[in-house]
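1. the sequence and its predicted three-dimensional model are supplied below.
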Amino acid sequence: MGPELPKTINLSLYLEGLFNTSTNIMNQASGRDFPAGSADEIWIGFTQNTFPYTIVYEIDSVLVDRNGFCQIEIPGNMSGEKYIVVRHRNSIETWSANPVSIEGTEISYDFTNEIDKAFGDNLKLIGSKYCLFGGDVDQDGFVDTGDMSPLDNDAFNYASGYISTDVNGDGMVDTEDMTLVDNNASGYVAANYPVVLMPVLTTGVVTDITGFTAKAVAIFLMMEM
């Protein structure tokens, strides 16, 4: 019996920085020689569906077209349910809302049509489409001053090209990029993904102390990992 044939994954997603409300599709990112019809490239990962959510398969430099569609192949022996994770050079890391079944030979997942397609409803409605939040220039999972500082520096130096501080992908770092980052920073935009609450044993007030014994109340707190 030969090796299993690869499975096809069809993903639909829009990137806020590139989304054009006039055309309802994405602009092509400037500064790179992308094929006609392509918008930009992304990273896609698949993780375990339970803690510690280890990445079991990943693929980089995946082209997503201007209509938000991309297609990849994964090994045919992958099975069960996996979280789908999407990363982009200056967008917020986004996870599927729940583990996705990858049984069968072709699987589709659409981040664009409902806010609850992303974990924690972590999508931004622009026009009639849901988009991955933009502005995470330093890729730390938050849109904040850490992203604005390099953007300010590059804008001051008239930086251009395919660089992470060019959030709207027009090839120049300027006030339009700053506005997008500032708006998302003020909205406390951050990555959302599964966490685990671990019990932590603490000791309450010690009472009824005698020469030989003491009574204490054990309290379990929950700590986010």
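-> Alright, I've got the coordinates.

2. how does the chain divide into domains?
-> Domains of the chain are assigned by automatic domain parsing as 7-186, 195-225.

3. which of those comes out lowest on mean pLDDT?
-> Here the domains of the chain differ in mean pLDDT, and the lowest is domain 195-225 at a mean of 50.

4. just send the domains of the chain back as TSV, with mean neighbour count too.
-> To be clear about C-beta, it is placed using only N, CA and C from the backbone, and glycine gets the same treatment. Listed next are those as TSV, based on neighbours: other C-beta atoms under 10 Å:
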stretch	mean neighbour count
domain 7-186	18
domain 195-225	9
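
5. the chain: helices as residue ranges?
-> 145-156, 175-186 (DSSP state H).

6. quick one: distance of stretch 31-45 to the chain centre.
-> Chain-centre distance of stretch 31-45: 17 Å, with C-alpha atoms, centre = their mean, to the nearest Å.

7. could you do stretch 19-32 as well?
-> Distance of stretch 19-32 from the chain centroid (C-alpha atoms, centre = their mean) equals 19 Å.

8. alpha carbons only: can I get that stretch in PDB?
-> In PDB, the C-alpha atoms belonging to stretch 19-32 read as follows (Å, rounded to 0.1, in the frame of the first residue of the first chain):
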ATOM      1  CA  PHE A  19      -8.300  45.400   2.200                       C
ATOM      2  CA  ASN A  20      -9.800  47.900  -0.200                       C
ATOM      3  CA  THR A  21     -13.300  48.900   0.600                       C
ATOM      4  CA  SER A  22     -13.800  50.400  -2.900                       C
ATOM      5  CA  THR A  23     -13.200  47.000  -4.600                       C
ATOM      6  CA  ASN A  24     -14.000  44.700  -1.700                       C
ATOM      7  CA  ILE A  25     -10.800  42.800  -2.400                       C
ATOM      8  CA  MET A  26      -7.200  43.300  -1.300                       C
ATOM      9  CA  ASN A  27      -4.600  45.400  -2.900                       C
ATOM     10  CA  GLN A  28      -1.300  43.800  -3.900                       C
ATOM     11  CA  ALA A  29       1.500  44.500  -1.400                       C
ATOM     12  CA  SER A  30       4.100  46.700  -3.000                       C
ATOM     13  CA  GLY A  31       7.900  46.100  -3.000                       C
ATOM     14  CA  ARG A  32       7.800  42.500  -4.000                       C
END
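
9. which ones are touching residue 104?
-> By C-beta atoms under 8 Å, 6 or more residues apart in numbering, the residues touching residue 104 are residue 7.

10. quick one: it and residue 63, what's the gap?
-> Separation of residue 104 from residue 63 (C-beta to C-beta, to the nearest Å): 24 Å.

11. before we move on, what about residue 78?
-> Residue 78 is 22 Å from residue 63, by C-beta to C-beta.

12. check residue 84 too.
-> From residue 84 to residue 63 the distance is 17 Å (C-beta to C-beta).
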